[in-house]
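Novice: Fold the following and give me the result.
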Amino acid sequence: DQSNGGGHGLGHTHGGGGPKVAWLLYVPALTILFLAPPALGSYTASRDEAKAPRAPSSSDDSGDSLFPALPDTGVVPMTLNDFSSRAVWDTDGTLKGRIVRLTGFVTPGRHGTWYVSRLVISCCAADAQVRKVRVHGASAPPADAWVTVTGTWHPTGKVGTDDARPALDATAVRRVAAPKDPYHDMVTGPGGG
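Specialist: You can find the predicted model right below:
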């Protein structure tokens, strides 16, 4: 008898709502699939201070420079990683008087300053490290614009210490197309790597 509270005629069913709401499980997956997040850019870079990678270490005690000499003539294309390391840690001054070319995206700073930046990823976006070089002597292009900056090293702080910061006196700034892989900071030719 269903009318006397036998449990089956009270208007509730077991498992009847399951398939109707199962589609909700697909919403997060479809959102990620169709709404991929934008590439990391100036917002991410602006939250980090302009630092260089740690100083390279020498495997011998020969007294040789930790940084190889740069070519004597011409503009030297460099990665932001290599330039930053040299600007902060190269006590032999291999950047002094050298004209270099750096490529990255524009990151606005405080009070009208700006940086050419790259995000270096070794595994995934969660481990992204910012490489930023402050640009002196040129007006800032729009945030996130990709640029090639040509100029000379602008010493800041005591080289070989954590007080030094990578900076460049710009002689030219040119807008360029974003690279296919914005996280790959590789330059071929002298000084790259």
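
Novice: what's the weakest-modelled helix or strand in this structure?
Specialist: In the chain, no helix or strand scores lower on mean pLDDT, DSSP states H and E than helix 42-46, which sits at a mean of 50.

Novice: And the helix or strand that that helix is followed by, what does it pack against?
Specialist: Sequence order places strand 76-77 as the next helix or strand after helix 42-46, per DSSP states H and E. The criterion is 3 or more CB pairs under 8 Å, 6 or more residues apart in numbering; DSSP states H and E, and the helices and strands that strand 76-77 contacts are strand 99-108. Heads up, the C-betas are built off the backbone N, CA and C, glycines and all.

Novice: Just give the strands next to the strand it packs on in its sheet, each with its orientation.
Specialist: Listed by DSSP bridges, the sheet partners of strand 99-108 and their directions read strand 76-77 (parallel), strand 114-120 (antiparallel), strand 146-153 (antiparallel).

Novice: what about it, average pLDDT?
Specialist: The predicted model assigns strand 99-108 a mean pLDDT of 95.

Novice: for that strand, which positions count as buried?
Specialist: Within strand 99-108, the residues that count as buried by 16 or more other CB atoms under 10 Å are 100, 101, 102, 103, 104, 105, 106, 107, 108.

Novice: I'd say the second one and residue 76 touch.
Specialist: To tie it back to what came earlier, the one meant is residue 101. Yes: taking CB atoms under 8 Å as the definition, residue 101 is a contact partner of residue 76 at 6.9 Å.

Novice: if I look at the closest residue to residue 116 other than its chain neighbours, how far off is residue 73?
Specialist: Distance criterion CB to CB, 6 or more residues apart in numbering; nearest residue to residue 116, sequence neighbours excluded, is residue 104 at 4.3 Å. When CB to CB, to the nearest Å is the yardstick, residue 104 and residue 73 sit 24 Å from each other.

Novice: Then residue 153?
Specialist: Residue 153 is 17 Å from residue 73, by CB to CB.

Novice: who has more neighbours, the two?
Specialist: Neighbours around residue 153 and residue 73, counted as other CB atoms under 10 Å, are more numerous at residue 153. The numbers are 23 against 8.
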